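> Next input, structure requested:
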Amino acid sequence: MSGMSFIKSLSRIIEISPALEVRLDGLFRERQVKKNEMLVQAGEKCTSICFVEEGALRGFYFKDDKDISNWFALDGEFATSFYAFFGQTKSYENIQALENSRLRCLHYDELQQLYREFPETERLGRIILEEYYSRLEERLISIQFRSAKERFDHLMQSRPDVFRRVPLGHIASYLGITQETLSRIRAAQ
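Residues are numbered from 1 along each chain as shown. Presented below is the predicted three-dimensional model:
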């Protein structure tokens with residue numbers, strides 16, 4: 001696993017002043033999670049947003065006793081149950097570590113405090129939400145309008161690292177196909 005510096009990653013989005021860097025370092029708490037550890041379970045309140053410094057997480061839910069992956073977050077990405085976090089309500093999804101992971105997590109109330117103290121962080125929040133929304137809409141379009149092979153090809157082109165780090169069963173459920181179909185598509189490549 002290659003880690004991504006938290007401050008370096010954020011400074012690609014907004015300018016990080018020395019005062020903001022100190023504040024971010026104080027508010028975002030480091031958290032180590034083990035492979036398969038659950039960070040959030042459906043029905044629980046989601047109180048934190050996490051930056052993946054090193055590792056892999058997935059969001060998933062159960063439908064008709066099937067485990068369906070909804071998203072993956074790898075090094076340098078933010079992860080939370082966005083609906084539950086920003087709505088401060090119970091989560092519909094579960095969040096699980098796919099690898100031993102090192103995270104930097106921020107509580108919802110601390111995020112609001114950060115927005116008040118450093119208005120430039122509101123831009124950071126907006127950009128993170130725009131990225132999340134874009135991925136969500138891309139996923140919706142993909143599931144509704146693309147064939148299984150097109151969905152596979154798009155994921156392979158846009159996020160090849162997922163194929164190296166996420167179990168194939170989770171990728172298949174994310175793509176809305178069976179693992180057998182995924183194997184056939186991969187074999188035909």
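> Quick one: list the elements packing against the helix or strand harbouring H170.
According to DSSP states H and E, H170 maps onto helix 168-175. Counting contacts by 3 or more C-beta pairs under 8 Å, 6 or more residues apart in numbering; DSSP states H and E, helix 168-175 is packed against strand 56-63, strand 66-74, helix 148-158, helix 179-187. Just so you know, the C-beta spots here come from the backbone N, C-alpha and C atoms, and that holds for glycine as well.
> And it, what's buried?
For helix 168-175, the neighbour count (16 or more other C-beta atoms under 10 Å) marks 170-175 as buried.
> and if you look at stretch 5-16?
Neighbour count says stretch 5-16 has 6, 9-10, 13-14, 16 buried, by 16+ other C-beta under 10 Å.
> can you tell me the average pLDDT over that stretch?
Here stretch 5-16 scores 89 as its mean pLDDT.
> ok so, going back, in a markdown table, list the helices and strands packed on helix 168-175 along with distance to Y132, mean neighbour count and mean pLDDT.
Formatted as a markdown table, these follow (distance: least, C-beta to C-beta, whole Å; neighbours: other C-beta atoms under 10 Å; pLDDT from 0 to 100):
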| stretch | distance to Y132 | mean neighbour count | mean pLDDT |
| --- | --- | --- | --- |
| strand 56-63 | 11 | 19 | 95 |
| strand 66-74 | 9 | 18 | 95 |
| helix 148-158 | 15 | 15 | 94 |
| helix 179-187 | 25 | 14 | 93 |
